[in-house]
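[1] what's the 3D shape of this:
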Amino acid sequence: MAAELSFDETSRTTTFQGLDLHYHDAGAGDDVLILLHGAGPGVSGWSNFSGNLAHYAEQFRTIIVDMPGFGKSAHPAEYDRSYLQYAADAVMSLMDELGITTAHLLGNSLGASVAVRFVLAHPDRARRLVLMGPGSALSIGLFAPRPSEGIRRLMEFQTAPEKTKEKMEAFLRSMVFDQSLINDELIEQRFGTATDPATAGGLKAMQVANQKFPTEGELWREAGEIKHDVLITWGREDRVQPLDGAFVGFRLLENARLHVFPKCGHWAMIEQRDEFQRLTTDFFLHYA
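    From the prediction side, this is the model:
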């Protein structure tokens, strides 16, 4: 088993358009994997992928990005384009600075949508893609009620006159099948980050940008242009992006394959970590 890597030893900061862009960097070599997190309140790249970093770093130079408005990256007051495009451009800028010509991309939820927008904007800079429970830009529900339970819990936290740990816990519990994963430490950490004024302002700016550029978020309109090999993964018990949302993107992406994890919610990289890591590593290294 790979030795765990700490936050501090992998932490790095650069800038994008004059603002801090934080990331973690581990492993070595020309085969690069970039991990992009989701959008829940209090999330960061580290909270999504710290448990996977040591594994991937044995095979790839592995970079976990705190996308703009999240984690230790800056929280812009406004965006001059859609959030997906802004974040995709931030990833490309980071690759340029680090001398990375091409990379595999693995994204969770919002991060999966950013990965798709990145490939559409910069197809020659991406290799293979893993999209884990892609966000609503590509995940079009066919049967499940919308908004989903997870999205309702998210909005109940975000729009409450007073944010509470109880509402944060309710949201986090909707993210997973295995309820033992939601403990007091996680709730405290996510609540503390989510109630930071800068974080709240960053989420508002993202929402405003997406309202200003609505079609930029409709990735299904352009998904057919992507010719890259894509692995879509889903948790069968996902209550944030229910499983029926998998099939439109799966149909539109020409070279996509789909893997569904049982007893798994929206965090496959955490709930089904060993299988998820084996599956994705094999896909990046060996699929022909």
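[2] Please, where are all the helices along the stretch 151-288 of the chain?
    For the stretch 151-288 of the chain, the helices defined by DSSP state H, counting those that start in this stretch cover 165-173, 184-194, 197-212, 246-252, 268-271, 273-286.
[3] Which one, of those helices, ends up nearest to residue 103?
    For residue 103, the closest of the helices of the stretch 151-288 of the chain is helix 273-286, at 10.3 Å, according to C-beta to C-beta. C-betas here are computed from N, CA, C, even on glycine.
[4] For the closest one, what is the distance to the chain centroid?
    A distance of 17 Å separates the centroid of the chain from that of helix 273-286, by C-alpha atoms, centre = their mean, to the nearest Å.
[5] How about residues contacting it?
    Helix 273-286 is contacted by residues 31, 33, 51-52, 55-56, 59-60, 104, 106, 127-128, 130, 229, 231, 233, 259, 261, 268-269 when judged by C-beta atoms under 8 Å, 6 or more residues apart in numbering.
[6] Can you list the buried residues in that helix?
    Neighbour counts over helix 273-286 (16 or more other C-beta atoms under 10 Å) mark 276, 277, 279, 280, 281, 283, 284 as buried.
[7] Which one of those is nearest to residue 146?
    residue 276 (26.1 Å).
[8] Give me the distance between the residue in the chain sticking out farthest from the centre and residue 107.
    The centre of the chain is farthest from one residue, residue 161, which by C-alpha atoms, centre = their mean lies 27.4 Å away. Distance of residue 161 to residue 107, given as C-beta to C-beta, to the nearest Å: 33 Å.
[9] Regarding the nearest residue to residue 155 once chain neighbours are set aside, what is its secondary structure?
    In this structure, residue 155 finds its nearest non-sequential neighbour in residue 147, 7.2 Å apart by C-beta to C-beta, 6 or more residues apart in numbering. For residue 147, the assignment made with DSSP: H, G, I helix; E, B strand; the rest coil gives coil.
[10] The chain: strands as residue ranges?
    Secondary structure of the chain (DSSP state E): strands located at 11-16, 19-26, 32-36, 61-65, 103-108, 126-132, 230-235, 256-261.
[11] Mind listing the strands the second one pairs with, and their directions?
    Sheet pairing here is set by DSSP bridges, and for strand 19-26 it gives strand 11-16 (antiparallel), strand 61-65 (antiparallel).
[12] Mind putting those into CSV with mean neighbour count, mean pLDDT and distance to residue 140?
    Formatted as CSV, the strands paired with strand 19-26 follow (neighbours: other C-beta atoms under 10 Å; pLDDT from 0 to 100; distance: least, C-beta to C-beta, whole Å):
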stretch, mean neighbour count, mean pLDDT, distance to residue 140
strand 11-16, 15, 98, 30
strand 61-65, 26, 98, 26
